[in-house]
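Novice: sequence first, predicted model second:
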Amino acid sequence: MSTVKHAISEHDVVVLRDPVGGWPSGTTAAVISVYDDVVLVDIADPGGKTLDAIQVPVSQLEVKRSSRKR
């Protein structure tokens, strides 16, 4: 059985695999926009206030929760 890798899309919740822009690995973010092999993500506090918006290579992200309906 083969494994299908989920393509990252807008509104997905992702986790940083590696530190990026001062944010440690394991940081959770929401995808704002997807560009070829780079994704713009929003890092927010627990109340939803944006703390930072950074560009991250797709290879450094793991999808935690998909916005796509199953």
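Specialist: Everything's here; your move.
Novice: name the nearest residue to the spatially most central residue of the chain, ignoring sequence neighbours.
Specialist: The residue lying closest to the centre of the chain (Cα atoms, centre = their mean) is V14, at 3.3 Å. Of all residues not flanking V14 in the chain, L61 sits nearest, at 4.4 Å (Cβ to Cβ, 6 or more residues apart in numbering). C-beta coordinates here come from the backbone N, C-alpha and C atoms, glycine included.
Novice: thought V41 was touching I32?
Specialist: Yes: V41 is within contact range of I32, at 6.3 Å (criterion: Cβ atoms under 8 Å).
Novice: common neighbours of the two, please.
Specialist: A53 (Cβ atoms under 8 Å, 6 or more residues apart in numbering).
Novice: those two: which has the busier surroundings?
Specialist: V41 (26 against 15; other Cβ atoms under 10 Å).
Novice: mind telling me what element the more buried one is part of?
Specialist: strand 38-44 (DSSP states H and E).
Novice: mind listing what's buried in the next helix-or-strand element following that strand?
Specialist: Using DSSP H and E, the helix or strand that follows strand 38-44 towards the C-terminus is strand 50-57. Within strand 50-57, the residues that count as buried by 16 or more other Cβ atoms under 10 Å are I54, V56.
Novice: given strand 50-57, what are its sheet partners and their directions?
Specialist: strand 38-44 (antiparallel) (DSSP bridges).
Novice: the partner strand: which residues count as buried?
Specialist: V39, V41, I43.
Novice: same deal with stretch 16-24?
Specialist: Neighbour-count burial for stretch 16-24 [16+ other Cβ under 10 Å]: L16, V20, W23.
Novice: low-confidence ranges in the protein?
Specialist: Low-confidence segments of the chain (pLDDT under 70): 1-6, 69-70.
Novice: repeat that for 50
Specialist: Within the chain, the set of residues satisfying pLDDT under 50 comprises 1-4.
Novice: of the buried residues of stretch 16-24, which is the nearest to V56?
Specialist: Lowest distance from V56 to the buried residues of stretch 16-24 (Cβ to Cβ) belongs to V20, with 5.2 Å.
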